[in-house]
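Trainee: Predicted coordinates and the sequence they were generated for:
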Amino acid sequence: MLEMGEHATSSAPRRRWDLLSKAFEELKTGCSTSEKQPDTLRIVNNAATTRRFHGFGLFSREDVVIDGEQWIRVTSRKDFAIEGYAATAYSAGEEHAGSDTVGTSSGSFELFLRKEAAVCLTDLTGFDNTGNICIWPAEEVMAFWCLGNPSLFRGKRICELGGGMASLGGNVIACTMPAEMLLLTDGNEKCCANCEAAIAQNRKRQTYSCENVSSRRLRWDVTEDYRCLAITFDVVIAADCVFKAEYHEALCRCIRHILKNDGIAIIFAPKRGNTLTDFVTRAKEYFEVLVSDRYSEDVFSLHEAQKTKSPEYSENLNYPLQVKLRIK
Ligand SMILES: C[S@@+](CC[C@H](N)C(=O)[O-])C[C@H]1O[C@@H](n2cnc3c(N)ncnc32)[C@H](O)[C@@H]1O
């Protein structure tokens, strides 16, 4: 099955055509897609794609109806001991050693997100639509990792780039840590509208620990979008945002501009062919770069288990690596 970043094979044109036919059939009847179907058809940048792996299950989610609208209530999973997770992560060494103590984050939270809206014909003509398709595994893993590393975010100014439909990572930080401020951004207007709605809903339900949470459109390749920001950030986070080589330079320049001199950018992304490696090569022109494939023992164990038991799991497409950037 074809996913973002997967190379076409000899049967790919036929498959792509079949998928597109199915897509247009669905589009004729309105919109498509159900999150539950394992081979659900997705549309990404006018290319047919399927998404077969639906994430590591690091959070619980339940469908709820609020004021007649479909929402998802995301909570921490009771069977994941985030405190224990934090302890494991820190004992792995590196800069975490001593930076936090077990028990600083209970890991328990409640977050409301708009249910994934189906992909519509009008979406296909707009700017990159990948953020409206689903919450990608890299975002889920990033949110989980953030939960276990509260000292990085407490009292800090944080910006999420390319947060997609939910900015799950940024929103989980907003729910669990008293950050000074969180700016949740994406280049796609529909993603920003969904995020705006989520911020309003979570404010209303008082789920946020951080009082200053906002959202705006920010395209990395539109310099005015970030040059107009009056502040710089201690931490920049982003998930699954390096799959297009044409944006690597723009993304690096954007991060370089919005990051404080002593700040850190933390990016989670799967390899997706050469795309992550190419991004790292580009990023080294601007930053000190640290790449890790073993940033969480819990996620690593789940990854190992998926490799052996799930034929639909692809390490190349689904297992996110962590890239840390610091200004040189
Ligand atoms: C694969 S999605 C990942 C979304 C989300 N982080 C996740 O993992 O669920 C890539 C995101 O990057 C955004 N994006 C792509 N190119 C961009 C650009 N030049 N400027 C800003 N955002 C961009 C898209 O709108 C999309 O939401």
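Mentor: Received the coordinates, thanks. Source: prediction; values computed, not measured. Numbering: from 1, shown residues only.
Trainee: Strands of this structure, start to end?
Mentor: Listed in chain order, the strands found in the chain under DSSP state E are 41-44, 47-50, 59-66, 69-76, 110-114, 157-161, 181-186, 213-217, 233-239, 259-270, 287-292, 320-327.
Trainee: and the residue nearest the centre of the chain, what does it touch?
Mentor: By Cα atoms, centre = their mean, the chain has its centre lying nearest to Glu139, at 2.6 Å. Each residue near Glu139 by Cβ atoms under 8 Å, 6 or more residues apart in numbering is listed here: Gly163, Gly164, Ala166, Leu168, Gly169, Ala239, Asp240, Phe268. Backbone N, C-alpha and C define where each C-beta goes, glycine included.
Trainee: still on that earlier bit, can you add mean pLDDT and distance to the ligand and give the strands of the chain back as CSV?
Mentor: Output for the strands of the chain, formatted as CSV (pLDDT from 0 to 100; distance: least, Cβ to the nearest ligand atom, whole Å):
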stretch, mean pLDDT, distance to the ligand
strand 41-44, 37, 8
strand 47-50, 46, 11
strand 59-66, 94, 13
strand 69-76, 94, 13
strand 110-114, 95, 11
strand 157-161, 98, 7
strand 181-186, 98, 5
strand 213-217, 97, 8
strand 233-239, 98, 4
strand 259-270, 98, 8
strand 287-292, 98, 18
strand 320-327, 98, 9
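Trainee: Save these as JSON lines, and put in distance to Ile173 and mean neighbour count too.
Mentor: Conversion of the strands of the chain to JSON lines gives the following (distance: least, Cβ to Cβ, whole Å; neighbours: other Cβ atoms under 10 Å):
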{"stretch": "strand 41-44", "distance to Ile173": "27", "mean neighbour count": "22"}
{"stretch": "strand 47-50", "distance to Ile173": "29", "mean neighbour count": "18"}
{"stretch": "strand 59-66", "distance to Ile173": "14", "mean neighbour count": "13"}
{"stretch": "strand 69-76", "distance to Ile173": "13", "mean neighbour count": "17"}
{"stretch": "strand 110-114", "distance to Ile173": "10", "mean neighbour count": "20"}
{"stretch": "strand 157-161", "distance to Ile173": "6", "mean neighbour count": "27"}
{"stretch": "strand 181-186", "distance to Ile173": "6", "mean neighbour count": "26"}
{"stretch": "strand 213-217", "distance to Ile173": "9", "mean neighbour count": "19"}
{"stretch": "strand 233-239", "distance to Ile173": "8", "mean neighbour count": "25"}
{"stretch": "strand 259-270", "distance to Ile173": "11", "mean neighbour count": "21"}
{"stretch": "strand 287-292", "distance to Ile173": "20", "mean neighbour count": "16"}
{"stretch": "strand 320-327", "distance to Ile173": "16", "mean neighbour count": "20"}
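Trainee: who in the stretch 201-328 of the chain is up against the ligand?
Mentor: Within the stretch 201-328 of the chain, the residues that sit near the ligand (Cβ under 6 Å from any ligand atom) are Arg219, Trp220, Asp221, Ala239, Asp240, Cys241, Tyr247.
Trainee: Same question for the stretch 1-150 of the chain.
Mentor: Near the ligand, when you scan the stretch 1-150 of the chain using Cβ under 6 Å from any ligand atom, you find Asp128, Thr130, Gly131, Ile135, Trp136, Ala138, Glu139.
Trainee: Provide the partner residues of the spatially closest residue to the last one that is not a sequence neighbour in its beta bridges.
Mentor: On the basis of Cβ to Cβ, 6 or more residues apart in numbering, the spatially nearest residue to Glu139 that is not a chain neighbour turns out to be Ala239, at 4.0 Å. When bridges are assigned using DSSP bridges, the partners listed for Ala239 are Phe268.
Trainee: Not counting sequence-adjacent ones, nearest residue to Thr232?
Mentor: Thr232's closest residue in space is Lys260 (Cβ to Cβ, 6+ apart), at 4.6 Å.
Trainee: quick one, phi psi at Phe53?
Mentor: With angles defined as degrees, to the nearest 10, Phe53 sits at phi -100, psi 130.
Trainee: So what's the residue count around the closest residue to it other than its chain neighbours?
Mentor: Nearest residue to Phe53 in three dimensions, chain neighbours excluded: Asn318, at 4.7 Å (Cβ to Cβ, 6+ apart). Neighbour count for Asn318, taken as other Cβ atoms under 10 Å: 26.
Trainee: Report pLDDT for Asn318.
Mentor: pLDDT, Asn318: 97.
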